[in-house]
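In: Attaching a predicted model along with its sequence, questions to come.
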Amino acid sequence: MNVIISADAKALGDKAGRLAATYIKKAIAERGEAFIIVATGTSQFETLNTLLQDGEIDWSAVTLFHLDEYIDLPVHHPASFRKYLIERVLARTGPLKAAYLIDGESDPVSVIDALADRISGITVDVALVGIGENGHLAFNDPPADFETEAPYLVVDLDEPCRAQQCNEGWFADISEVPRQAISMSVKQILKSTHIICSVPDRRKAQAVKDSLEQPVSNRYPASILQTHPSCYFFLDEESASLLQTPAGGIADQ
């Protein structure tokens with residue numbers, strides 16, 4: 001596991017986005033295509049912006065998988081992650097080889113089955129992820145399911161998770177935040193060849209500390225990333241502020 005600490009969110013995103021671009025271009029050069037997982041939310045703004053500014057990526061050779069989505073939230077809602085990806089990613093890449101977005105408005109069982117068929121047998125080259133204030137990975141809130149082999153599952157969203165979505169401005173009140181979502185499973189995320197975890201902001205500092213300094217436990221879902229052979233935590237000074245030392249990492253001020 002690699003820990004890279006930058007001065008601020010912009011510098012964090014620049015480094016994370018450039019590394020993601022490097023791995024995507026490497027996969028295309030070696031195999032003629034690349035498979036990626038894309039997270040959404042405020043933590044990904046700078047990383048995605050840098051990635052999408054890379055003019056050397058052949059996006060027509062890229063297949064994108066969506067990480068998570070609320071159940072029963074219309075695609076036109078400001079908090080819709082499909083809307084986020086359509087407007088912030090797909091509108092800038094142009095046509096991809098394929099893009100598998102999660103339709104939270106359709107029958108969850110059918111959606112999960114279809115996504116499982118699409119991702120089965122595929123090795124994802126790069127997973128872009130973040131972690132929540134409660135330490136969740138995707139929408140796998142604590143205690144997360146570390147055992148299921150299902151690529152996607154329906155999950156219940158806990159109150160800290162729902163409060164975060166409200167506090168970030170995606171919803172006017174916590175009562176509006178859906179109580180369930182479709183999420184990629186922890187085991188499916190860990191199957192990715194490279195994982196790039198972008199985590200800016202002081203409000204994530206405790207989750208970062210738990211993820212990096214606590215023993216691996218489903219009480220701290222993102223702690224499972226400690227076990228991955230090619231995982232990069234990109235932090236800013238604020239999100240890294242509670243760490244004792246960035247053990248095994250690189251402090252890039």
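Out: Great, that's in hand.

In: For stretch 218-235, which residues meet the burial criterion?
Out: Neighbour-count burial for stretch 218-235, counted by 16 or more other C-beta atoms under 10 Å, picks out 218, 220-226, 228, 231-235. For every residue, glycine as well, the C-beta is placed using N, CA and C.

In: Next step: those residues restricted to strands.
Out: C231, Y232, F233, F234, L235 (DSSP state E).

In: Give the buried residues for stretch 67-74.
Out: Buried, per 16+ other C-beta under 10 Å, within stretch 67-74: L67, D68, E69, Y70, I71, L73.

In: Break down this protein into its strands, ranges please.
Out: Going by DSSP E, the chain shows strands at 2-6, 34-38, 62-66, 68-70, 98-100, 126-129, 152-156, 180-184, 194-199, 231-236, 250-251.

In: which residues does T227 contact?
Out: Applying C-beta atoms under 8 Å, 6 or more residues apart in numbering to T227 gives the contacts L190, V216.

In: repeat for F234
Out: By C-beta under 8 Å, 6+ apart, F234 lies in contact with I4, S6, L12, G13, K15, A16, T47, I196, C197, S198, V199.

In: Give me the distance between the closest residue to P215 other than its chain neighbours and A61.
Out: Closest residue to P215 apart from its sequence neighbours, by C-beta to C-beta, 6 or more residues apart in numbering: S223 at 7.2 Å. Distance, S223 to A61, using C-beta to C-beta, to the nearest Å: 34 Å.

In: on that earlier part again, redo the strands of the chain as a markdown table? Include mean pLDDT and distance to I112.
Out: A markdown table is the format used below for the strands of the chain (pLDDT from 0 to 100; distance: least, C-beta to C-beta, whole Å):
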| stretch | mean pLDDT | distance to I112 |
| --- | --- | --- |
| strand 2-6 | 96 | 32 |
| strand 34-38 | 98 | 16 |
| strand 62-66 | 97 | 12 |
| strand 68-70 | 97 | 11 |
| strand 98-100 | 98 | 12 |
| strand 126-129 | 98 | 18 |
| strand 152-156 | 97 | 5 |
| strand 180-184 | 98 | 6 |
| strand 194-199 | 98 | 22 |
| strand 231-236 | 98 | 25 |
| strand 250-251 | 48 | 38 |
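
In: Just the CA coordinates for the biggest helix by length in the chain, please, in PDB.
Out: Assignment by DSSP state H gives helix 9-31 as the longest helix of the chain. What follows is helix 9-31, C-alpha atoms only, in PDB (Å, rounded to 0.1, in the frame of the first residue of the first chain):
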ATOM      1  CA  ALA A   9      -7.100  18.600  -2.900                       C
ATOM      2  CA  LYS A  10      -6.000  20.000  -6.300                       C
ATOM      3  CA  ALA A  11      -2.400  18.600  -5.900                       C
ATOM      4  CA  LEU A  12      -3.900  15.300  -4.700                       C
ATOM      5  CA  GLY A  13      -6.200  15.000  -7.700                       C
ATOM      6  CA  ASP A  14      -3.400  15.900 -10.100                       C
ATOM      7  CA  LYS A  15      -1.300  13.000  -8.900                       C
ATOM      8  CA  ALA A  16      -4.100  10.500  -8.600                       C
ATOM      9  CA  GLY A  17      -5.500  11.400 -12.000                       C
ATOM     10  CA  ARG A  18      -2.100  11.100 -13.700                       C
ATOM     11  CA  LEU A  19      -1.400   7.700 -12.200                       C
ATOM     12  CA  ALA A  20      -4.800   6.500 -13.300                       C
ATOM     13  CA  ALA A  21      -4.100   7.800 -16.800                       C
ATOM     14  CA  THR A  22      -0.800   6.000 -16.800                       C
ATOM     15  CA  TYR A  23      -2.300   2.600 -15.900                       C
ATOM     16  CA  ILE A  24      -5.200   3.000 -18.400                       C
ATOM     17  CA  LYS A  25      -2.800   3.800 -21.300                       C
ATOM     18  CA  LYS A  26      -0.600   0.900 -20.300                       C
ATOM     19  CA  ALA A  27      -3.500  -1.500 -20.400                       C
ATOM     20  CA  ILE A  28      -4.600  -0.200 -23.800                       C
ATOM     21  CA  ALA A  29      -1.000  -0.500 -25.200                       C
ATOM     22  CA  GLU A  30      -0.700  -4.000 -23.900                       C
ATOM     23  CA  ARG A  31      -4.100  -5.500 -24.600                       C
END
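
In: Noted, bye for now.
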